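>>> please work out how this folds:
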Amino acid sequence: MTSASRLLQLVVALAALASATPARAATDIAWWHAMSGELGKQLEKLATDFNASQSDYRIVPAYKGNYTETVTAAIFAFRSRSQPAIVQVNEVATATMTAAKGAIYPVFSLMRDQGEPFSLNDYLPAVSGYYTDAAGNLLSFPFNSSTPILYYNKTMFRDAGLDPETPPKTWPELGAAAKRLRDRGAACGFTTSWPSWIHVENFSAFHNLPLATRTNGFAGLDAELTINNSVIVKHVAQLAEWQKTKLFDYSGRGQSAEPRFQNGECGIFIGSSATRADIKANSKFEIGYGMMPYWPDVAGAPQNSIIGGATLWVLRDRPREEYKGVARFFAYLSQPGVQAAWHQNTGYLPITRAAFELTRAQGFYERNPGSAISFEEITLHTPTENSKGIRLGSFVLIRGTIEDELEQAFAGQKSAQAALDSAVERGNKLLRQFERASPDR
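Now for the predicted structure:
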């Protein structure tokens, strides 16, 4: 055999060996989340599509229960050094996560460190502002954001002699419409979900009122609640008065009010924009949409609404290679096409203006009336210190306290003033406990 032949055989053998060597395995990145049902399926699709778009990283979603259960699981896992790289946390736990400085990897630092393109200006201020620090740096990645909007039954409006194409814009208009609905036999004029989120938190932002001192807590842990001001007291007192004749009918906490609108019991409903698809699928009548009402005698109203939902937090002490994948995943999630599809398929807000513009260009809003209301409401005006969001410690507990007191006012057991004074007193005690336990104290 000639030297040339031997050399050729060697080259062929080396080539075969190289082709038989397994490709480098993708780096797995754990993502713990709190989405089940159809939303969980859409979340899984995001991970699957990202994994298919490249071969270096594999996002591995894992459902861990509701928001409280998910963040609790992450905290316990961190203590045993088995935490995921990404965890989904609801907006009211932002202050708690922010205080855990050694456990979180701020998103602005992550994207900078990993060299991924990132500009805060690309994101909606009313969304990103909720999750920034005092210097305006983004701490967590906006993911599923919603805001309250008004839904109404057009069939019931027609029967009551109301214009089915004109939603009530102010609280007096809503009260008048509710009376017409009741006079025509409706079991209740209107109801709402998430009492504190709608009637205190978003009510304050929409009327450009502070929820608490220290810029709603953004400027320091020593914030104190201010929700017993005259405007909120007047509003809660009016709701309690309407409750007596079922113009307003309290339906409980969370989303317990939604079925009462879907089954035609109540003609008007104020709830999350993210439930739009569910309401549309389960209602047997034509639905109208509008922005949240406001009191016209309050200067500065309407301002802009604030968000609910959750963001994605990155946890420390994972292998360096995982963080490169997390940054790439966040860059992927920010792409207009990806964001537009998420927005359209779930009802959550697009987190970038580019995603909104793409959705509009695709004709989605024209084909789906009312689907742009949430975006228009949250971008109605540039957010102020009062309408940027809330950064208060233990706010999950504070929200429960507020709802305790609202329920007593609606039941006629306390005056609106007494109920809100008590909510402030009880809420401030929780704030002081959080302040004392914080490492930034």
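>>> could you list the low-pLDDT ranges of this structure?
1-24, 440-441 (pLDDT under 70).
>>> could you measure from Thr98 over to Ser438?
Distance, Thr98 to Ser438, by CB to CB, to the nearest Å: 10 Å. Using the backbone N, CA and C atoms, a C-beta is placed for each residue, glycine as well.
>>> who's more crowded, the two?
Thr98 (21 against 16; other CB atoms under 10 Å).
>>> how about the strands in this protein?
With DSSP state E, the ranges of strands along the chain come out as 27-33, 57-63, 86-90, 141-146, 148-153, 188-192, 266-272, 287-290, 308-314.
>>> closest to Gln413 out of the ones you listed?
Nearest to Gln413, of all the strands of the chain, is strand 188-192, at 19.6 Å by CB to CB.
>>> ok, Glu407 - contacts?
Contacts of Glu407 were listed using CB atoms under 8 Å, 6 or more residues apart in numbering, and they are 195, 250.
>>> on that earlier part again, as TSV, the strands of the chain with mean neighbour count would be great.
Below are the strands of the chain laid out as TSV (neighbours: other CB atoms under 10 Å):
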stretch	mean neighbour count
strand 27-33	20
strand 57-63	18
strand 86-90	26
strand 141-146	26
strand 148-153	26
strand 188-192	26
strand 266-272	26
strand 287-290	19
strand 308-314	25
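>>> so which of those strands is nearest Gln433?
Judging the strands of the chain by CB to CB, what sits closest to Gln433 is strand 86-90, at 20.1 Å.
>>> which residues touch the closest one?
Identification of contacts with strand 86-90 by CB under 8 Å, 6+ apart yields 29-35, 59, 67, 70-71, 74, 97, 140, 143-144, 308-315, 326, 329, 396.
>>> ditto for stretch 365-382
Stretch 365-382 has contacts (CB under 8 Å, 6+ apart) with 124-127, 146-147, 149, 273, 276, 287-292, 302-307, 344, 347, 349-350, 356, 359-360, 364, 387.
>>> show the contacting residues for Phe78.
Residues in contact with Phe78 (CB under 8 Å, 6+ apart) are 103, 315, 317.
>>> which of those sits closest to Gln408?
Closest to Gln408, out of all of the contacts of Phe78 and judged by CB to CB, is Ala103, at 37.5 Å.
>>> is it true that that closest one touches Arg318?
No: here Ala103 does not reach Arg318: they are 11.4 Å apart, not a contact under CB atoms under 8 Å.
>>> mind checking how far the nearest residue to Asp278 once chain neighbours are set aside is from Thr94?
Nearest residue to Asp278, sequence neighbours excluded (CB to CB, 6 or more residues apart in numbering): Glu258, at 7.5 Å. Noted for Glu258: a distance of 25 Å to Thr94, by CB to CB.
>>> try Gln344
26 Å.
>>> hang on, the earlier thing: now the strands of the chain as TSV including distance to Gly400?
Output for these, formatted as TSV (distance: least, CB to CB, whole Å):
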stretch	distance to Gly400
strand 27-33	23
strand 57-63	24
strand 86-90	14
strand 141-146	20
strand 148-153	19
strand 188-192	17
strand 266-272	18
strand 287-290	29
strand 308-314	15
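>>> right, so of those, which gets closest to Leu209?
strand 148-153 (15.9 Å).
>>> what comes into contact with the closest one?
Strand 148-153 is contacted from outside by 167-168, 174, 177, 192, 194, 197-198, 202, 261, 264, 267-273, 276, 279, 283, 285-293, 305, 308, 370, 373-374, 377, using CB under 8 Å, 6+ apart.
>>> cool, and stretch 319-330?
Outside stretch 319-330, the residues within contact range by CB under 8 Å, 6+ apart are 27, 29, 50, 54, 56-57, 59, 85-86, 105, 107, 110-111, 113-116, 118, 141, 312, 314.
>>> if you set the cut-off to 7 Å instead, what comes out?
By CB atoms under 7 Å, 6 or more residues apart in numbering, the surrounding residues in contact with stretch 319-330 are 27, 29, 50, 56-57, 59, 85-86, 107, 110-111, 114, 116, 141, 314.
>>> next: stretch 251-264.
By CB under 7 Å, 6+ apart, stretch 251-264 touches 151, 153, 191-195, 266, 269, 271, 275, 279, 282-283, 285, 403.
>>> what's the most distant pair in the residues you listed?
Between any two of the contacts of stretch 251-264 (CB to CB), the greatest distance is 29.5 Å, for Phe285 and Glu403.
>>> was I right to think Phe141 contacts Leu312?
Yes: Phe141 is within contact range of Leu312, at 4.3 Å (criterion: CB atoms under 7 Å).
>>> circling back to that earlier point, neighbour-wise, which of Phe285 and Glu403 wins?
Neighbour count, other CB under 10 Å: between Phe285 and Glu403, Glu403 has more, with 20 against 15.
>>> contact partners for that one?
Shown in contact with Glu403 (CB under 7 Å, 6+ apart): 195-196, 253.
>>> could you pull out the helices for the stretch 1-150 of the chain?
3-20, 37-53, 67-79, 94-99, 107-113, 125-128 (DSSP state H, counting those that start in this stretch).
>>> go through the fourth one and flag the buried ones.
Going by neighbour count (16 or more other CB atoms under 10 Å), the buried part of helix 94-99 is 94-99.
>>> with the second one instead?
Under the neighbour-count criterion of 16+ other CB under 10 Å, helix 37-53 has 39, 42-43, 46-47, 50-51 buried.
>>> can you redo these as TSV with distance to Ala419?
What follows is the buried residues of helix 37-53, written out as TSV (distance: CB to CB, whole Å):
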residue	distance to Ala419
Leu39	34
Gln42	39
Leu43	38
Leu46	42
Ala47	44
Phe50	47
Asn51	50
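>>> how much space between Trp242 and Cys266?
12 Å.
>>> wait, what's in contact with Phe190?
Phe190 is in contact with 174, 178, 248, 266-269, counting by CB under 7 Å, 6+ apart.
>>> so what's it closest to, chain neighbours aside?
If the residues on either side of it in the chain are set aside, Phe190 comes closest to Ile268, at 3.5 Å by CB to CB, 6+ apart.
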